Every structure is written in C-alpha cells, then in structure tokens.
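Asks: coordinates only, sequence not included:
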C-alpha cells in the first residue's frame with residue numbers, strides 16, 4: 001500500500017465562530033427586505049465554501065490581507081480564508097462598499113454601513 005501513504009488527505013473545512021455569526025447577521029439583515037435573496041446568498045456561500053477542501057487554491061491569494069485567499073461570492077461579498085495542510089479556515093465574511101477588483105486597496109474590505 002505504498003501509494004496510499006502518498007495520497008494526501010484533503011483538509012477539513014472550518015468556519016471560525018465570528019465568521020459564522022457575521023454570515024448569519026448579514027443573511028438576517030438581507031432577509032428583512034428579501035428572504036429569498038438572503039437564502040440564495042447563504043446557499044451560494046455555503047456551496048462555494050464546500051468546494052474548498054477539494055480545491056483550496058481555487059481562489060486567488062489576497063492582495064489585501066497577507067496569508068489569506070479571497071473567495072468572491074458576488075460583486076459585493078467576499079469570503080476570506082486561510083489554507084493549511086490540515087484545514088481550510090474561513091476567517092471573515094465582509095460586505096464590500098464597492099465591487100471587488102484586483103487593483104483596489106483596503107477600502108474594498110470596508111463593511112457597508114447598516115441602513
């Protein structure tokens with residue numbers, strides 16, 4: 001079973017507590033105006049995050065936060081995650097005040113203000 005020893009185990013997906021709280025707060029805020037859109041956003045985030053253990057380098061390395069990768073969910077929402085051999089750690093979910101572009105600076109991570 002020499003080949004089995006060389007097979008790399010895929011990392012496990014872990015959401016940090018504050019990232020989950022942030023996700024639920026944003027979904028609840030959107031649901032106040034549009035429950036269907038809130039559920040669709042949550043489903044999209046969860047579906048994209050579920051692919052990360054199989055494809056941890058699917059999204060680009062962040063130019064904004066050292067050591068992180070940016071999973072673009074929509075034009076206005078990104079998920080920041082960190083990868084190690086053992087896990088994919090979702091650390092932050094931030095709504096953006098402007099669409100995410102490769103050459104934008106830190107302002108793209110500024111949370112949108114509540115209405």
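Replies: Structure received. Quick caveat: nothing in here was measured; it's all calculated off a predicted structure.
Asks: Flag every buried residue along stretch 19-28.
Replies: Under the neighbour-count criterion of 16 or more other CB atoms under 10 Å, stretch 19-28 has 19, 22, 23, 26, 27 buried. Heads up, the C-betas are built off the backbone N, CA and C, glycines and all.
Asks: Now do it: distance to the chain's middle.
Replies: Averaging C-alpha positions (CA atoms, centre = their mean, to the nearest Å) puts stretch 19-28 12 Å from its chain's average.
Asks: got it, and stretch 21-34?
Replies: Counting by CA atoms, centre = their mean, stretch 21-34 comes out at 16 Å from the chain centroid.
Asks: need the buried residues of stretch 19-28 in a markdown table with pLDDT and distance to residue 64, can you?
Replies: Formatted as a markdown table, the buried residues of stretch 19-28 follow (pLDDT from 0 to 100; distance: CB to CB, whole Å):
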| residue | pLDDT | distance to residue 64 |
| --- | --- | --- |
| 19 | 91 | 16 |
| 22 | 89 | 17 |
| 23 | 90 | 19 |
| 26 | 90 | 19 |
| 27 | 93 | 23 |
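Asks: Out of the residues you listed, the closest to residue 43 would be?
Replies: residue 27 (10.0 Å; CB to CB).
Asks: show me where this protein has strands.
Replies: Taking DSSP state E as the test, the strands found in the chain are 12-15, 69-74, 77-83, 87-95.
Asks: I'd like those as CSV, with distance to residue 62 appended.
Replies: Output for the strands of the chain, formatted as CSV (distance: least, CB to CB, whole Å):
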stretch, distance to residue 62
strand 12-15, 18
strand 69-74, 5
strand 77-83, 7
strand 87-95, 10
